[in-house]
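Undergrad: Below are the sequence and a predicted model for it; my questions follow.
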Amino acid sequence: MAKYASPAYAKALDSSGMPLVNWEDLPEEAPAALPEILVIDDEVVVGNSVRKILKPRGYHVEHAETQGAAMEILSEKPVDMILLDMKIPGVHGLDLLKAIREEHPIVPVVMITGYASVETAVESIKLGAADYVSKPFTPDELHHAVEGSLKRAA
């Protein structure tokens with residue numbers, strides 16, 4: 001058996017080949033998976049900043065700099081939330097928001113932009129964005145938008 005499994009596993013087997021479990025060593029509850037956040041922004045510094053803000057608060061952050069990279073990530077694995085910049089090279093943020101809403105209608109999307117206006121905020125919400133955050137944002141503003149949007153989506 002040790003040929004196919006680690007020595008520790010083989011050593012834990014009883015005579016029937018079933019592993020012995022020390023129930024006292026198991027946690028009472030399985031650890032929750034980290035919420036997955038996808039940042040779609042062409043600025044690497046924004047992706048890194050979001051990661052530095054959210055990782056210590058229990059989130060896993062992926063970053064895509066283009067529409068193609070974002071759609072590839074979304075097709076490969078589920079995410080719990082998207083932070084979407086209004087200006088992405090080659091596509092307007094609101095158009096990308098529409099495309100995301102069609103493919104992933106229940107994933108909350110928070111728009112982030114350095115060109116905030118009442119009109120774009122209203123249009124974003126009409127198109128299904130969960131929230132709207134202006135750059136530069138503070139860590140608390142970002143965390144509040146993420147937490148609130150995830151709670152409303154739950």
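TA: Great, that's in hand. A quick note: this is a predicted structure, and the numbers were derived from the prediction, not measured.
Undergrad: can you list contacts of the helix ranked longest in the chain?
TA: Scanning the chain for the longest helix, with DSSP state H as the assignment, gives helix 139-153. Contacts to helix 139-153, defined as Cβ atoms under 8 Å, 6 or more residues apart in numbering, come from residues 35, 37, 50, 53-54, 57, 59, 80-81, 83, 106-108, 110, 130-131, 133, 137. For the C-beta atoms, the positions are set from N, CA and C on the backbone; glycine is no exception.
Undergrad: And the pLDDT at the residue nearest in space to the middle of the chain?
TA: Nearest to the mean C-alpha position of the chain, counting by Cα atoms, centre = their mean, stands residue 37 at 1.4 Å. pLDDT, residue 37: 97.
Undergrad: Residues contacting the helix or strand hosting it, please?
TA: Assigned by DSSP states H and E, residue 37 belongs to strand 36-40. Under the contact criterion Cβ under 8 Å, 6+ apart, strand 36-40 has outside partners 46-47, 50-51, 54, 59-64, 67, 70, 73-74, 77-85, 88, 96, 146.
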